[in-house]
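**Student:** This is a predicted model, with the sequence first.
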Amino acid sequence: MPWANAVPAARTADTGGMSSAATAPPSEPSVLCPVPDVLAFLTGRWTVDRTLTDLATGSAGTYHGTAEFRADGDGSGCLLHVEDGELDWNGTVNRAGRTLRLLPGPDGTTEVTFADGRPFHDLDLRTGLWHTRHPCGADLYDGTFTVVSPDEWRVRWRTAGPAKEHVQHSVYRRQGSGGADA
């Protein structure tokens, strides 16, 4: 996989108003890894570890599972992002998952949609860092995607609005890369 030179990461002290208790995010990377082609980078299987915090109630949870990025089979060049795992929310464990669709852009970027085709967000990892926004009713999701190595990337979603006040931190690690496999 072609990787450009690492770029120093911008430091930020923003915690989205959450406490540093069990929901502390992973440490900030000291360098970013630019990704010339999002779909080529993501293709494969990843472990997913996620912390979730409801800022309004203080409730918290964790998610552990896998994410597979694979061709959707229709010949369009799109990838399916299929997650499957377990969500532990305040001590109650349930199966959880989701499916998203990634449509290729002409310049190595992608458009992410929900499985039913509704738009979700754009994704451009050519610098190793991407900020995006998704309105959901009256709520607003602000996402930050950070690529820290060829085998690890992170996502932070901060949701604010009348229906939700929460933060999610996810770490994706490529399976079979010497990291933790599910």
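**Tutor:** Perfect, I can see it now. Numbering: from 1, shown residues only.
**Student:** switch to C-alpha atoms for all contacts and neighbour counts from now on
**Tutor:** Will do.
**Student:** residues making contact with the helix or strand hosting residue 102?
**Tutor:** Counting by DSSP states H and E, the element that carries residue 102 is strand 92-104. Applying Cα atoms under 8 Å, 6 or more residues apart in numbering, the external contacts of strand 92-104 come out as 39, 77-88, 110-115, 117.
**Student:** Would you list the strands that that strand pairs with, along with their directions?
**Tutor:** Here strand 92-104 is paired, per DSSP bridges, with strand 79-89 (antiparallel), strand 110-114 (antiparallel).
**Student:** May I have it as PDB, with CA atoms only?
**Tutor:** Backbone C-alpha positions of strand 92-104 (Å, rounded to 0.1, in the frame of the first residue of the first chain) are rendered in PDB as follows:
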ATOM      1  CA  THR A  92     -26.600  -4.900  30.000                       C
ATOM      2  CA  VAL A  93     -25.000  -6.700  27.100                       C
ATOM      3  CA  ASN A  94     -26.700  -7.000  23.700                       C
ATOM      4  CA  ARG A  95     -25.700  -7.900  20.200                       C
ATOM      5  CA  ALA A  96     -25.200  -4.800  18.000                       C
ATOM      6  CA  GLY A  97     -24.200  -4.000  14.500                       C
ATOM      7  CA  ARG A  98     -24.600  -1.800  11.500                       C
ATOM      8  CA  THR A  99     -24.100  -1.700   7.800                       C
ATOM      9  CA  LEU A 100     -22.900   1.400   5.800                       C
ATOM     10  CA  ARG A 101     -22.100   1.800   2.100                       C
ATOM     11  CA  LEU A 102     -19.000   3.600   0.800                       C
ATOM     12  CA  LEU A 103     -19.100   5.100  -2.700                       C
ATOM     13  CA  PRO A 104     -15.800   5.800  -4.400                       C
END
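**Student:** Now do it: distance to the chain's middle.
**Tutor:** When distances are taken as Cα atoms, centre = their mean, to the nearest Å, strand 92-104 is centred 11 Å away from the chain's centroid.
**Student:** buried sites along that strand?
**Tutor:** 99-104 (16 or more other Cα atoms under 10 Å).
**Student:** now, among the residues you listed, which is nearest to residue 47?
**Tutor:** When the buried residues of strand 92-104 are ranked by distance to residue 47 (Cα to Cα), residue 99 comes first, at 15.2 Å.
**Student:** Identify the bridge partners of that closest one.
**Tutor:** Applying DSSP bridges, one finds that residue 99 bridges with residue 82.
**Student:** Repeat that for the one 5 residues further on.
**Tutor:** Beta-bridge pairing of residue 104, defined through DSSP bridges, involves residue 110.
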